[in-house]
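J.: No sequence on hand, only this structure:
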């Protein structure tokens, strides 16, 4: 199960955003990494460099490596609708992302682990593939034996964000994927047009 396992604050500093969530180290050093600190004169970024940076930001945000991301882009290209918007909708429909959005896990990395360790159930069946694509109407719940896990109970007790395309039933501890979100509803700061441009070269 390939994934990025390197330093996360360094990546957040590279993009100037807390793409992995709240980060105290990032708050202290919001400038890009490098031995000369914030005063270093940095070369002007080319058009290609800007596009590449945006693609990398999307990959790191959703926890995908290049091959997975490229395959998802090809799928978006051959789907009806605006390619960039469809790409983000496909990323949002990944099971690990849906588990994170529902508040079952505190981060996407934690949700990926919960899925991989067979703690998540989709429509009554255990699914242990983080890249599994959830469809409208699917019900995502926590396996009965796993409901008392500390990471899950802590995350659910502090869940705040509510998303219009997801429905959460507290009594059943289950969520429903209602529909694919509109671009305006997705909170991630990603310029998908730049991603389309780099793959179109």
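T.: Thanks, I have the structure now. Predicted model only: the values in this text are computed from it and were never measured. Residues are numbered from 1 along each chain as shown.
J.: other SSEs contacting the lengthiest helix in the chain?
T.: Ranked by number of residues, the top helix in the chain under DSSP state H is helix 47-62. On a contact count with 3 or more C-beta pairs under 8 Å, 6 or more residues apart in numbering; DSSP states H and E, helix 47-62 meets helix 8-15, helix 66-77, helix 192-199. Just so you know, the C-beta spots here come from the backbone N, C-alpha and C atoms, and that holds for glycine as well.
J.: can you tell which of those helices is closest to residue 115?
T.: helix 66-77 (14.8 Å; C-beta to C-beta).
J.: can you give me the mean pLDDT across the closest one?
T.: Across helix 66-77, pLDDT averages out at 94.
J.: Over to stretch 177-192?
T.: On average, stretch 177-192 scores 94.
J.: repeat for stretch 45-61
T.: What stretch 45-61 shows for mean pLDDT is 90.
J.: Show me what counts as buried in it.
T.: Neighbour counts over stretch 45-61 (16 or more other C-beta atoms under 10 Å) mark 51, 53-61 as buried.
J.: Kindly report the same for stretch 144-152.
T.: 146, 149, 151-152.
J.: Would you point out the most distant pair within those residues?
T.: Pairwise distances across the buried residues of stretch 144-152 peak at 9.6 Å for 146 and 151 (criterion: C-beta to C-beta).
J.: residues contacting the closest residue to residue 66 other than its chain neighbours?
T.: Closest residue to residue 66 apart from its sequence neighbours, by C-beta to C-beta, 6 or more residues apart in numbering: residue 59 at 7.1 Å. Counting by C-beta atoms under 8 Å, 6 or more residues apart in numbering, residue 59 touches 65-66, 69.
J.: and which of these is nearest residue 43?
T.: Closest approach between these and residue 43, by C-beta to C-beta: residue 66, at 24.4 Å.
J.: Quick one: neighbours of the closest one, just the number.
T.: The number of residues packed near residue 66 is 11, by other C-beta atoms under 10 Å.
J.: just residue 62 next, same as before
T.: By other C-beta under 10 Å, the residues close to residue 62 number 22.
J.: Quick one: residues contacting it.
T.: Residue 62 sits next to 91, 94, 97, 108 when contact means C-beta under 8 Å, 6+ apart.
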